[in-house]
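*Asks:* heads up, no residue letters with this:
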């Protein structure tokens, strides 16, 4: 698996290491049975960056915690993109607002690290086709998030 994790310059605080972030993505992909040739990019960013992306790409002029930009269509192909010849299955990108994660961690009374794990799992599940647009789909996604989080914490 090819997993890129980056931390935006200027993001301050107790940000988990890129290695830890890659591990959370990788474990989520493995637990979901994703292809060993899967590729995911993860960015931990500031609130302004995530707010701007939310406004530009989703038409939502507000801060948010996590954005997912899947490269695969519902049919599992590259959603109209030309597949590069590297053999990787480019799943997409997950972008997390570190400041929003810190706020939500305080609201949920757990660590920012745990909140980032939850948001990372959530974002990767979106790349794999999960959604929460209707109540039943939301329930399924939340259950799967909890299951994966428990397994990651146990390892």
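*Replies:* Nice, thanks for sending it over. These numbers were taken from a predicted model, which means no experiment stands behind them.
*Asks:* Just the residues contacting stretch 134-143, thanks.
*Replies:* Stretch 134-143 is contacted from outside by 122, 125, 130-132, using C-beta atoms under 8 Å, 6 or more residues apart in numbering. (C-beta placed from N, C-alpha, C; glycine too.)
*Asks:* what about that stretch, distance to the chain center?
*Replies:* 17 Å (C-alpha atoms, centre = their mean, to the nearest Å).
*Asks:* do stretch 106-120 as well
*Replies:* Worked out by C-alpha atoms, centre = their mean, stretch 106-120 lies 13 Å from the chain centre.
*Asks:* can you pull the buried residues of it?
*Replies:* 112, 115-120 (16 or more other C-beta atoms under 10 Å).
*Asks:* Select from those residues every entry located in helices.
*Replies:* Using DSSP state H, the members of the buried residues of stretch 106-120 that fall in helices are 112, 115-120.
*Asks:* now, among the buried residues of stretch 106-120, which is nearest to residue 92?
*Replies:* The shortest gap between residue 92 and any of these belongs to residue 120, at 13.2 Å (C-beta to C-beta).
*Asks:* So residue 38 versus residue 3, what's the distance?
*Replies:* Per C-beta to C-beta, to the nearest Å, residue 38 is found 8 Å from residue 3.
*Asks:* Between the two, which contacts overlap?
*Replies:* Common contact partners of residue 38 and residue 3 (C-beta under 8 Å, 6+ apart): residue 29.
*Asks:* got CSV for the buried residues of stretch 106-120, with pLDDT and distance to residue 52 too?
*Replies:* Compiled in CSV, the buried residues of stretch 106-120 are given as follows (pLDDT from 0 to 100; distance: C-beta to C-beta, whole Å):
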residue, pLDDT, distance to residue 52
112, 93, 22
115, 95, 21
116, 96, 20
117, 96, 25
118, 96, 23
119, 97, 18
120, 97, 21
